[in-house]
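K.L.:
when you get a sec, could you give me coordinates for this:
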Amino acid sequence: MKYLRRLLQPRKPAFWLMLVLNALSTALVWIVQHHTLQPAAAIAVVVFAVGNMVLGLYFMRQLLQTQAPEERPPQRPH
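P.N.:
Take a look at the predicted model:
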């Protein structure tokens, strides 16, 4: 559950970038599977899909390495 809290941080731009890039990768893979494309076009779409997946994983890793607001220790008043 700790990792899920770290992953779901909608106030951080990395969360939204991760969602958008992973959705775009899924859409690109669907295009390759359901449409007949020329080989060069299919390769270009697959390269974009893999690139989006890698960037999505990068943003997910960034989110998992940061602490969620609930995990931070309470700050002492000065």
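K.L.:
from what I can see Leu64 touches Tyr3, true?
P.N.:
Yes. With contact defined as Cβ atoms under 8 Å, Leu64 counts as touching Tyr3 (6.2 Å). C-beta coordinates here come from the backbone N, C-alpha and C atoms, glycine included.
K.L.:
which one's more surrounded, those two?
P.N.:
Taking other Cβ atoms under 10 Å, Leu64 and Tyr3 do not tie; Leu64 has more neighbours (14 against 10).
K.L.:
and the gap between the more buried one and Val47?
P.N.:
The gap separating Leu64 from Val47 is 26 Å, by Cβ to Cβ, to the nearest Å.
K.L.:
would you tell me what helix or strand the closest residue to Leu8 other than its chain neighbours is located in?
P.N.:
Leaving out its chain neighbours, the residue that sits closest to Leu8 by Cβ to Cβ, 6 or more residues apart in numbering is Phe15, at 7.1 Å. Phe15 is part of helix 13-34, with elements assigned from DSSP states H and E.
K.L.:
could you say what helices and strands that helix packs with?
P.N.:
Judged by 3 or more Cβ pairs under 8 Å, 6 or more residues apart in numbering; DSSP states H and E, the packing partners of helix 13-34 are helix 39-65.
K.L.:
quick one: buried residues of the helix it packs on?
P.N.:
Residues of helix 39-65 classed as buried: Val45, Ala49, Asn52, Met53, Leu55, Gly56, Phe59, Met60, Leu63 (neighbour count, 16 or more other Cβ atoms under 10 Å).
K.L.:
ditto for stretch 20-38
P.N.:
Buried residues in stretch 20-38 (16+ other Cβ under 10 Å): Leu21, Asn22, Leu24, Ser25, Leu28, Val29, Ile31, Val32.
K.L.:
can I get those in JSON lines with distance to Gln38 and pLDDT?
P.N.:
Below are those laid out as JSON lines (distance: Cβ to Cβ, whole Å; pLDDT from 0 to 100):
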{"residue": "Leu21", "distance to Gln38": "25", "pLDDT": "85"}
{"residue": "Asn22", "distance to Gln38": "26", "pLDDT": "82"}
{"residue": "Leu24", "distance to Gln38": "21", "pLDDT": "88"}
{"residue": "Ser25", "distance to Gln38": "21", "pLDDT": "82"}
{"residue": "Leu28", "distance to Gln38": "15", "pLDDT": "84"}
{"residue": "Val29", "distance to Gln38": "17", "pLDDT": "82"}
{"residue": "Ile31", "distance to Gln38": "13", "pLDDT": "86"}
{"residue": "Val32", "distance to Gln38": "12", "pLDDT": "83"}
